[in-house]
Each structure stands twice: as structure tokens, then as C-alpha cells.
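[1] Have a look; sequence and predicted model below, questions after that.
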Amino acid sequence: MRIRMDDEREDRLRRLMEKTGESTKAGAIDAAIKHYLNDLENKRRVADELPTEFIEELHTPWMPLERETNVGQTED
């Protein structure tokens, strides 16, 4: 697979390689993918237990975090 690169993407990838300690683009991308998936799974697992303001703080446009609510229903 070939990824089209522009200056902004090149800069982000270079910074990612520095932050992850990876010496290859593929290694840095792999580390970022693993982190993204684990982070999203962890956030979704605890989202229902967190106050709304924490959900808003954890949310980013690139990794949406939502929780299900039961509006108008009562728990028995």
C-alpha cells in the first residue's frame, strides 16, 4: 500500500516516530493503531460510569466517544 504524503502528513509521521521511539514509518503507524484501538476500547468500557463533563473532556473529533442513555426510562 502506498500512502500519499504532503508536508503536513510527513511532519505528523516524523513526530509520531519520535514519540513512539519507532525507527520506521510502518512501526510508528502500527504503534499508533494499537494505541488508538486500545484507548477507544478502554474509554468505551468506562464511559457509562463517568460524568458527562469527563466524557466531553475525553472526546476528540478523531476518536468519538459516546455512551448510551435511557432517556425517559426508569430502572426497576
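    Nice, thanks for sending it over. Numbering: from 1, shown residues only.

[2] For the lengthiest helix in the chain, name the packing helices and strands.
    Longest helix of the chain, by residue count under DSSP state H: helix 25-46. If you count contacts as 3 or more C-beta pairs under 8 Å, 6 or more residues apart in numbering; DSSP states H and E, helix 25-46 packs onto helix 7-20. Glycine gets a C-beta too; all of them are placed from N, C-alpha and C.

[3] again, only this time at 10 Å
    With contacts taken as 3 or more C-beta pairs under 10 Å, 6 or more residues apart in numbering; DSSP states H and E, helix 25-46 sits against helix 7-20, helix 52-58.

[4] What sits closest to Leu16 if chain neighbours are left out?
    Spatial nearest neighbour of Leu16, chain neighbours left out: Ala28 (4.5 Å); criterion: C-beta to C-beta, 6 or more residues apart in numbering.

[5] which ones are touching the one you found?
    Counting by C-beta atoms under 10 Å, 6 or more residues apart in numbering, Ala28 makes contact with 12-22.

[6] So for the lowest-mean-pLDDT helix or strand in the chain, what gets flagged as buried?
    One helix or strand of the chain scores below all others by mean pLDDT, DSSP states H and E: helix 52-58, with a mean of 81. For helix 52-58, a neighbour-count test (16 or more other C-beta atoms under 10 Å) marks Ile55 as buried.
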